[in-house]
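1. Give me a model of this one.
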Amino acid sequence: MQQQLIFEDHYKKLGLELFSQNNLEKINGTQFRYDIKILFIPEGYELTVDFNHYQVSKPTLFFLTSQHLKIEKGLEESMLLYYNRDFYCIQIHDKEVACDGLLFHNVFEIPFVELTDSETSDIKNLFQHIKDELQWKDSSAEEMIRTYVKQIIIRATRNWKKQHLNNDTVKIPGTELDVFRDFSRYLEIHFREKHNVADYAELLHMAPKTLTHKFKSLNIESPNQLIINRILLEAKRLLFYTDKPVKEIAYDLGYEDPAYFNRLFTNKTGSTPANFKKNYPSGKKYNI
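-> Sure, this is the predicted structure:
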């Protein structure tokens with residue numbers, strides 16, 4: 001029987017799973033649903049994250065929290081690193097790695113970083129170091145593993161910036177990055193009860209018009225649209241992955257009037273909540 005690669009101490013937990021086509025059912029189950037997840041995915045895999053489908057053409061790291069994951073096919077060995085917030089909280093340690101709002105919880109729903117050959121080698125080595133520590137179970141393993149996790153995150157954050165910022169589609173200079181990240185982080189925390197741009201502008205200590213202008217100048221969707229997008233994403237998750245009635249979902253998302261929520265969802269998606277639940281669309285497809 002293969003040794004279980006896991007560290008647990010009181011409330012702290014981190015584990016490593018190696019998988020391929022032969023044992024996808026474990027990865028696709030609900031066992032890791034509430035963990036923070038970093039996946040190393042080689043080329044040739046196909047997977048769905050929430051409602052977006054990815055065909056992986058080069059080694060890629062995926063960074064997931066509460067998204068729904070389904071890996072559909074892939075031959076080479078892949079790796080899943082999972083841990084809870086007690087082991088390493090990305091919010092508390094954000095000054096160390098500056099990844100929250102980029103790798104995790106970013107408003108573009110871009111949860112991946114592509115790797116070059118040399119970067120792939122470096123990342124594989126870091127995963128191997130974590131595996132070694134989990135096997136050795138030395139008294140210093142926890143801090144060593146945490147160090148390797150931070151290295152993976154820092155390297156990936158730098159790559160995410162190079163690949164996704166200040167390009168032909170999104171122009172976010174470094175001086176404005178904190179506003180973008182902070183908005184993303186606040187949105188993830190408050191989208192259920194704060195539905196207006198003014199709410200987030202207040203958290204960011206600026207006027208609503210200033211926030212809207214900043215996003216327009218950065219070639220990003222308006223804050224109002226991003227708020228709606230996040231609410232709709234959660235609505236789709238609840239509709240597709242739970243048995244909650246539409247009225248209860250509306251209340252969960254902060255709408256006291258379910259009819260208003262129905263109209264908003266229908267207007268923005270072209271489908272009523274009830275029809276979406278029956279006829280789940282395949283979502284966007286990406287080749288990466």
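2. Could you use CA atoms for every contact and neighbour count after this?
-> Will do.
3. tell me which element I130 falls in.
-> Assigned by DSSP states H and E, I130 belongs to helix 117-136.
4. Report how many residues lie close to T48.
-> Neighbour count for T48, taken as other C-alpha atoms under 10 Å: 20.
5. Quick check: which helices or strands does the helix or strand hosting it pack against?
-> T48 is located in strand 46-49, with elements delineated by DSSP H and E. Contacting strand 46-49 under the criterion 3 or more C-alpha pairs under 8 Å, 6 or more residues apart in numbering; DSSP states H and E are the following elements: strand 52-55, strand 69-73.
6. and of those, who's closest to P223?
-> strand 52-55 (21.7 Å; C-alpha to C-alpha).
7. could you point out which element follows that closest one?
-> From strand 52-55, the next helix or strand downstream (DSSP H and E) is strand 60-64.
8. I'd say T60 and L115 touch.
-> Yes - between T60 and L115 there is a contact under C-alpha atoms under 8 Å: 5.6 Å.
9. just for the stretch 101-250 of the chain, where's the confidence low?
-> 166-175 (pLDDT under 70).
10. if you set the cut-off to 90 instead, what comes out?
-> For the stretch 101-250 of the chain, the stretches with pLDDT under 90 are 101-111, 137-140, 160-181, 214-221, 240-242.
11. where do the helices sit along it?
-> Ranges of helices in the stretch 101-250 of the chain, per DSSP state H, counting those that start in this stretch, are 117-136, 141-164, 177-190, 197-203, 208-217, 223-241, 246-252.
12. Which one of those lies nearest to K12?
-> That would be helix 141-164 among the helices of the stretch 101-250 of the chain, by C-alpha to C-alpha, at 9.6 Å.
13. Quick check: buried residues in the closest one?
-> 141-142, 145, 148-154, 156-161, 164 (16 or more other C-alpha atoms under 10 Å).
14. quick one: that helix to helix 117-136, angle?
-> 160 degrees (axes from the mean of the first three to the mean of the last three C-alpha atoms, to 10 degrees).
15. May I have helix 141-164 as PDB, with CA atoms only?
-> The C-alpha coordinates for helix 141-164 follow below in PDB (Å, rounded to 0.1, in the frame of the first residue of the first chain):
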ATOM      1  CA  ALA A 141       9.300  19.100   8.300                       C
ATOM      2  CA  GLU A 142       6.500  21.600   8.800                       C
ATOM      3  CA  GLU A 143       8.600  24.600   8.400                       C
ATOM      4  CA  MET A 144      10.600  23.100   5.500                       C
ATOM      5  CA  ILE A 145       7.400  22.300   3.700                       C
ATOM      6  CA  ARG A 146       6.000  25.800   4.300                       C
ATOM      7  CA  THR A 147       9.200  27.200   2.800                       C
ATOM      8  CA  TYR A 148       8.800  25.200  -0.300                       C
ATOM      9  CA  VAL A 149       5.100  26.100  -0.600                       C
ATOM     10  CA  LYS A 150       6.000  29.800  -0.400                       C
ATOM     11  CA  GLN A 151       8.600  29.300  -3.100                       C
ATOM     12  CA  ILE A 152       6.000  27.800  -5.500                       C
ATOM     13  CA  ILE A 153       3.600  30.600  -4.800                       C
ATOM     14  CA  ILE A 154       6.200  33.400  -5.200                       C
ATOM     15  CA  ARG A 155       7.500  31.900  -8.500                       C
ATOM     16  CA  ALA A 156       4.000  31.500  -9.800                       C
ATOM     17  CA  THR A 157       2.900  35.000  -8.700                       C
ATOM     18  CA  ARG A 158       5.800  36.500 -10.700                       C
ATOM     19  CA  ASN A 159       4.800  34.400 -13.700                       C
ATOM     20  CA  TRP A 160       1.200  35.400 -13.400                       C
ATOM     21  CA  LYS A 161       2.100  39.000 -13.600                       C
ATOM     22  CA  LYS A 162       4.300  38.500 -16.600                       C
ATOM     23  CA  GLN A 163       1.600  36.500 -18.500                       C
ATOM     24  CA  HIS A 164      -1.600  38.300 -17.600                       C
END
